[in-house]
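# Got a predicted model here, sequence first, then my questions.
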Amino acid sequence: MATPNASDTNRLTITRTGDPATLAYRGSSVSASGAGFGTNVATSAIGHASEPLLGVCASFTTIRNLNLITHGSPQTVEIGLAVFELLPNKGAQNNYFDKISVNLNRAHGNDVYGISSFSTSSSGGFAGTNSFNTYRDLNIKDCNVGISISAPNNATGPADEGNQILTSSCNTYNYIGDPNTPDDIIGGGSYGVSIGGQSNFIVRNCIIQNITGTSSLGDIDGIAVTASYGINEISNNIIRNLRRSSTTLQTNHWVSGIRINWNNQIMTYKIFNNSISNLFTSYTGVPTTISAIIGIYYQDSGAGNVTSEIFNNSISLNGSTTPNASSNCLIIINTGLNFNIKNNVFANFTSGQTGVAYHNCFYTNTINKYGNALSLSDYNNYYLTDTTNGSLFRATTVEHADLASWQAAMTLNPNSDVNSNIGNPGFVNNATDLHGTVSSVGLNGTGTKPPGYVGLDYDCEPRNFPYDIGFDDFTTNSVVLNLRIFIEGYYEGSGIMKPVLFNTGEDISSEIADTIIVELRNVNSPYAVVESKTVSLKTNGDAYVYLPLAISGGTFNYSYRNASIGSKFDAFIAG
């Protein structure tokens, strides 16, 4: 499908109200030796080996509420939704792909993609890139790669710009991998989301699961990033149930939750509110130092410059079923870059290892630092079940069993982890649910204030003081006062307020309207303040105030003041 005359004022929308439309079995009738799909767009733009159910080289087009399905024999479809340029100097740009479900046939080969955006010829400058496209509210299953968005980013063309994989609301999720089908996304090497040659991208609100690689050579990644630059975000993703089924291992091939590889690009990453768990290998060989499973991996392969903010992620690894392979929650290769690592859980539950195999929470390939002089790791929670062949920290081959040893060794990153703690994070389930519980004493209120853009946790709840560690903001020892407040002047109608802080340029979630001060007061004059809390007010009017257990059973007044304009409202509550 092409819309060569489309523009910002001449948009095309293709949608269906109610139940989604279905486009089933095959994208075209070309034979293996015939001409490529889309021959009226560009000569052999897409060959038979990359045939899509739906091929889009449009711009300013919305496609909504569509199922893309193919099963049966003979199988001829390799891609559900293919996005590519109309001409070398006319890329597919400013499109919305909304509420798209893809169900293909992973048995067709190793190159079956749910969604794939790619370049078919040398790009004609930025105009030829596939940029500013939004993919949201997706459901992808039965393929080899969930989503692949790639561009050359080399001598043949610039990177794509501003592509986004996200959802229509904070508590809506993209599903990549069928939750009820083990090995649903499978191939020699398999990915949930593969990002290459991109600038200023977002991957947000994805549940990536049941991904399997069958070869010892292929990578298995929840989210893999290569050769990209700009200011990028990876947030609010659950990545779980990734495994390598091969019984052998090869150096430089991993099972990883998030892997970032760069060459000579300049990049800034915001990685926050992600949950990574249940990564496995089926290795049966002799004990090896090869890291078979990795939570977050910064894999340097060039002279680029990276600034990465890693906030409020929860990682849980357990390699006990294959104790002869090594594992790490966080690996940093290239310690000359800038890392800010705070409010994270790094828990490794591996046990029963012998020989040279080991397991860690944090690995750096330099003996006395993990980043440049501006880098700091702090306010994190670390945990090991078994210290046999395991250490909290590993700097090249030197193991550090406790915080004091680690801090003494990191001479080029002074004050490392001085406010961090060691203890079992007390997850709901170490493999499938990394939310906090009453046992999460090391996470509850032990963090530091995160950047504004981490103002909501994974569950869309505002993060308020005292700040929790991990992707979940929770409470186990407080009374929660749930408020719904709409501020006059902010209200837009339909139960929504303007994101005032975001609109003024603050680096904060667009689902937060403002901050308010909530005061709990005695009911008798002079109405003395008992408690005062500054909390975030969401655009839907919700605010959550955590109050001491001591107020239970009491009767109080409360008031609130808008932190920006000082308005005030008084009401009566019984606690």
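Looks like it arrived, so ask away.
# where along the stretch 201-350 of the chain do the strands fall?
Along the stretch 201-350 of the chain, the segments classed as strands by DSSP state E, counting those that start in this stretch run 202-204, 206-213, 220-226, 230-235, 238-244, 255-262, 266-272, 275-281, 291-300, 305-311, 314-317, 326-332, 338-342, 345-348.
# Not counting its own residues, what contacts the longest one?
Under the contact criterion CB atoms under 8 Å, 6 or more residues apart in numbering, strand 291-300 has outside partners 244, 249, 254-262, 271, 276, 279-281, 283, 306, 308, 310, 313, 315, 317, 319, 322, 325-334, 337, 339, 346, 363. Just so you know, the C-beta spots here come from the backbone N, C-alpha and C atoms, and that holds for glycine as well.
# Determine the longest helix present in this protein.
helix 403-409 (DSSP state H).
# which helices and strands does it pack with?
Helices and strands touching helix 403-409, as assessed by 3 or more CB pairs under 8 Å, 6 or more residues apart in numbering; DSSP states H and E, comprise strand 390-395, strand 398-400.
# Out of the ones you listed, which gets nearest to Ser509?
Checking the helices and strands packed on helix 403-409 against Ser509 by CB to CB gives strand 390-395 as the closest, at 31.9 Å.
# Chain neighbours aside, what residue packs nearest to Ile422?
Distance criterion CB to CB, 6 or more residues apart in numbering; nearest residue to Ile422, sequence neighbours excluded, is Tyr382 at 5.2 Å.
# number of nearby residues for the residue lying closest to Asn10 once chain neighbours are set aside?
Spatial nearest neighbour of Asn10, chain neighbours left out: Phe60 (6.9 Å); criterion: CB to CB, 6+ apart. A count of nearby residues for Phe60, using other CB atoms under 10 Å, gives 20.
# Please look at Ser256 and Ile220 and confirm they touch.
Yes: Ser256 is in contact with Ile220 according to CB atoms under 8 Å; the separation is 7.4 Å.
# list residues touching both of these two?
Common neighbours of Ser256 and Ile220 (CB under 8 Å, 6+ apart) are Leu242.
# mind checking the end-to-end distance for stretch 493-504?
The straight-line separation of the ends of stretch 493-504 (CA to CA, to the nearest Å) is 20 Å.
# Make sure Asn372 is actually in contact with Asn340.
No: applying CB under 8 Å as the test, Asn372 and Asn340 come out as separate, 11.2 Å apart.
# hmm, back to that, compare Ser256 and Ile220 (neighbour count), which wins?
Ranked by neighbour count (other CB under 10 Å), Ser256 and Ile220 place Ile220 first, with 31 against 27.
# How about the contacts made by the more buried one?
Contacts for Ile220 (CB under 8 Å, 6+ apart) come out as 189-191, 211-213, 242-244, 254-256.
# at 10 Å instead, please
Residues near Ile220 by CB atoms under 10 Å, 6 or more residues apart in numbering: 185-192, 211-214, 242-245, 253-256, 259, 279-281, 293.
# and if you look at Gln265?
If you count contacts by CB under 10 Å, 6+ apart, Gln265 has them with 153, 159, 197, 199, 226-230, 302-306.
# go again using 6 Å as the cut-off
Residues in contact with Gln265, defined by CB atoms under 6 Å, 6 or more residues apart in numbering, are 229, 304.
# Now do the same for it: its pLDDT.
At Gln265, the pLDDT value in this model is 73.
# What of Ile341?
98.
# Can you give me the neighbour number for the residue nearest to it when sequence neighbours are not counted?
The shortest distance from Ile341 to any non-neighbouring residue, by CB to CB, 6+ apart, is to Ser377 (4.0 Å). Neighbour count of Ser377, defined by other CB under 10 Å: 27.
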